[in-house]
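> model the structure of this input:
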Amino acid sequence: QVQLVESGGTLVQAGGSLRLSCAAIGSIFSINAMGWYSQAPGKQRELVAVISSGGSTTYADSVKGRFAISRDNGKNTVYLQMNSLKPEDTAVYYCNANIKRLPALASRDYWGQGTQVTVSS
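Numbers count the residues shown, from 1 in each chain. Next comes the predicted model:
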């Protein structure tokens, strides 16, 4: 079994910073891309940032220059540093990882349970 365990979401004032963490635990052979998605009330889940196994990153336009994604491959963990937060960043943030559990198995996507980020004005 594989689980993604997220932490770091909380209430913060506009202009503040947060760091989200997501650890992949369980039987893992390798991890490909890892990323963060957000889902605001009444809206679809959307990509925030993704990082490849080699460290290449992609960001949503709305967070470029404010958020930074990174990963620690030794800890199977991905981070999202969120700076200059805005009320419109308020959402549930979900971690995603494409994981191969065994060499003979195909990789598949796993999701975390979500962590709430609320930015007050």
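
> doesn't residue 88 lie inside a strand?
No. Under DSSP: H, G, I helix; E, B strand; the rest coil, residue 88 falls outside any strand and is assigned helix.

> pLDDT score for it?
On pLDDT, residue 88 comes in at 96.

> could you measure from it over to residue 81?
Separation of residue 88 from residue 81 (Cβ to Cβ, to the nearest Å): 18 Å. In short, each C-beta sits where N, CA and C put it, glycine included.

> show me which of these two is the more surrounded one.
Using other Cβ atoms under 10 Å, the more surrounded residue of residue 88 and residue 81 is residue 81, with 15 against 11.

> how far does stretch 23-35 stretch from one end to the other?
Start-to-end span of stretch 23-35 (Cα to Cα, to the nearest Å) is 12 Å.

> that one - what's its average pLDDT?
pLDDT averaged over stretch 23-35 gives 97.

> centre-most residue in the protein?
Compute the mean C-alpha point of the chain, and by Cα atoms, centre = their mean the closest residue is residue 36, 2.7 Å away.

> could you double-check that it sits in contact with residue 97?
No. Using Cβ atoms under 8 Å as the test, residue 36 is too far from residue 97 to be in contact (10.3 Å).

> any residues in contact with both of the two?
Jointly contacting residue 36 and residue 97 under the rule Cβ atoms under 8 Å, 6 or more residues apart in numbering are 22, 78.

> OK, contacts around residue 78?
21, 22, 34, 35, 36, 51, 69, 70, 71, 95, 97.

> apply 6 Å and report the result again.
The contact partners of residue 78, taken as Cβ atoms under 6 Å, 6 or more residues apart in numbering, are 22, 34, 71.
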